[in-house]
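1. got a sequence here, can you build the structure:
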Amino acid sequence: MALPLYDSQPARRVPWVTYLLVAANVVIFLITPMANFATWYGRDDVRECNAAEFVMEHGAVPKELTTGRQQPLPDEIVRECGPGEFGKTPWMSAFSSMFLHSSPLHLLGNLVALFVVGMGVEDRLGRLRFLLSYLFFGLVAVYGYAYISPDSTTPLIGASGAIAGVLGAYLVLNPRGRIVSLVPPIFVARLPVWVVLGYWFVLQWLSLGDEESNVAYVAHIAGFVAE
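-> Predicted coordinates for the structure are as follows:
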């Protein structure tokens, strides 16, 4: 699979919103229990419990979004960590979930994609429209997944849905563009954007049937087609 490195067409203005989104995702990750940097969440089992409760509190739980009511913690978390008490407004979690990531690798994968295509989309839409579009794509992804799986109590986290929408916007706004990509093992090539993003979309579609995966591919597709 080709790894996108940068957009071959330089931006005409400084992409401050793209930089801000990248920075916000990094800083927020570093202060969550999913990052080893955040030592105040404890260690080992204590940290795992804090992470599980944190994700349930700030992640987007489909059943909460479709019913508008906070759901109790799953039994397995209660058994291992205790009841956990927090108040939650479900619709706000649709926003907060966009800025949470489960691991450094999860964060890095999303931010590379955002950095590569975000600058081009921001350059063409303008800063405010780009920011609003990013949030809109993320909401469509989260609620799209909730609509498909309304009874699911597994929380969604990650910027993947919003970034998928940015990928779709880039394809629409710059269909003849090229993305400089690293092609294994060591080749660097300027690939047409429709090849890079088309491959990504097909991969998401083919992965829908993978019931063992914890990746919400439906949310990715919903964000992509939201454009």
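
2. can you report how many residues lie near Ile157?
-> 23 (other CB atoms under 10 Å). Any C-beta I mention is one placed from the backbone N, CA and C, and that applies to glycine too.

3. show me which positions of stretch 177-185 end up buried.
-> Using 16 or more other CB atoms under 10 Å as the test for burial, stretch 177-185 gives Gly177, Arg178, Ile179, Val180, Ser181.

4. chain center to that stretch: distance?
-> Taking the mean of its C-alpha atoms, stretch 177-185 sits 22 Å from the chain's own mean (CA atoms, centre = their mean, to the nearest Å).

5. any idea of the mean pLDDT for that stretch?
-> Stretch 177-185 shows a mean pLDDT of 73.

6. and for stretch 123-132?
-> 94.

7. got a list of what the residue nearest to the spatial centre of the chain touches?
-> Residue closest to the mean C-alpha point of the chain, counted by CA atoms, centre = their mean, is Ala159 at 1.8 Å. Ala159 is in contact with Leu21, Asn25, Met98, Phe99, His101, Asn110, Leu111, Leu114, Gly138, counting by CB atoms under 8 Å, 6 or more residues apart in numbering.

8. and the pLDDT at it?
-> pLDDT for Ala159: 87.

9. swap in Met34?
-> As predicted, Met34 sits at a pLDDT of 91.

10. what about it, how many residues close to it?
-> 23.

11. got phi/psi on the nearest residue to Pro83 once chain neighbours are set aside?
-> Nearest residue to Pro83, sequence neighbours excluded (CB to CB, 6 or more residues apart in numbering): Leu73, at 6.8 Å. Here is the backbone geometry of Leu73 (degrees, to the nearest 10): phi -60, psi 140.

12. do the same with the one 10 residues further on
-> With angles defined as degrees, to the nearest 10, Pro83 sits at phi -70, psi -40.

13. number of nearby residues for it?
-> Pro83: 9 neighbours (other CB under 10 Å).

14. separation between it and Pro72?
-> For Pro83, the distance to Pro72 (CB to CB, to the nearest Å) stands at 8 Å.

15. in terms of helices and strands, where is Ala189?
-> When elements are assigned from DSSP states H and E, Ala189 belongs to strand 187-192.

16. I meant to write Val140 there.
-> Short version, using DSSP H and E: Val140 is in helix 127-148.

17. poorly predicted segments of this structure, please.
-> Scanning the chain for pLDDT under 70 picks out the ranges 1-6, 8, 10, 182, 184, 186-187, 194, 198-227.
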